[in-house]
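# Just to be clear, the model below is a prediction. Sequence and coordinates:
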Amino acid sequence: MVFEELLAAVITEFRTRMRKDLDRDVENTPLAELGIDSLDFFEAVMALEERLGCEIPVEKLDAETTVRSLCIVIDEQRRTV
């Protein structure tokens, strides 16, 4: 899976969890500003781990995490496995 496909998969996961269309530049907007709370976030992370077959190191993420930065962390993790 190339980075663009990973980005699309993560955006789709958050759209599904939130049950609404994220119509602005979601890629570079902090997840908290998109209305994603901690429960939504951790449920999405668990679903992505299962879907992508890798563990996502949440300790590398913080309140300013964006979809893009989450994808970078996932991509780095997948390369080390």
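Thanks, I have the structure now. Numbering: from 1, shown residues only.
# So, low pLDDT: which residues of the protein?
Applying pLDDT under 70 to the chain flags residues 19-24, 81.
# Can you show me the helices along it?
3-18, 38-52, 67-80 (DSSP state H).
# For these, give me CSV that also has mean neighbour count.
(Each C-beta comes from the backbone N, C-alpha and C, glycine too.) CSV is the format used below for the helices of the chain (neighbours: other C-beta atoms under 10 Å):
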stretch, mean neighbour count
helix 3-18, 15
helix 38-52, 14
helix 67-80, 16
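# To residue 32, which of these lies closest?
Closest to residue 32 of the helices of the chain is helix 38-52 (C-beta to C-beta; 8.8 Å).
# picking that back up, can you lay out the helices of the chain as CSV showing distance to residue 30?
Listed next are the helices of the chain as CSV, based on distance: least, C-beta to C-beta, whole Å:
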stretch, distance to residue 30
helix 3-18, 12
helix 38-52, 11
helix 67-80, 9
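# which one of those lies closest to residue 25?
helix 67-80 (9.6 Å).
# Just the C-alphas of the closest one, formatted as PDB.
Extracted in PDB, the C-alpha atoms of helix 67-80 (Å, rounded to 0.1, in the frame of the first residue of the first chain):
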ATOM      1  CA  VAL A  67      -4.400  12.500   9.500                       C
ATOM      2  CA  ARG A  68      -1.200  13.000   7.700                       C
ATOM      3  CA  SER A  69       1.000  12.800  10.800                       C
ATOM      4  CA  LEU A  70      -0.900   9.600  11.800                       C
ATOM      5  CA  CYS A  71      -0.200   8.100   8.400                       C
ATOM      6  CA  ILE A  72       3.500   9.000   8.700                       C
ATOM      7  CA  VAL A  73       3.700   7.100  12.000                       C
ATOM      8  CA  ILE A  74       1.800   4.100  10.500                       C
ATOM      9  CA  ASP A  75       4.100   4.100   7.500                       C
ATOM     10  CA  GLU A  76       7.200   4.200   9.600                       C
ATOM     11  CA  GLN A  77       5.900   1.400  11.800                       C
ATOM     12  CA  ARG A  78       5.100  -0.700   8.800                       C
ATOM     13  CA  ARG A  79       8.600  -0.300   7.400                       C
ATOM     14  CA  THR A  80      10.200  -1.500  10.600                       C
END
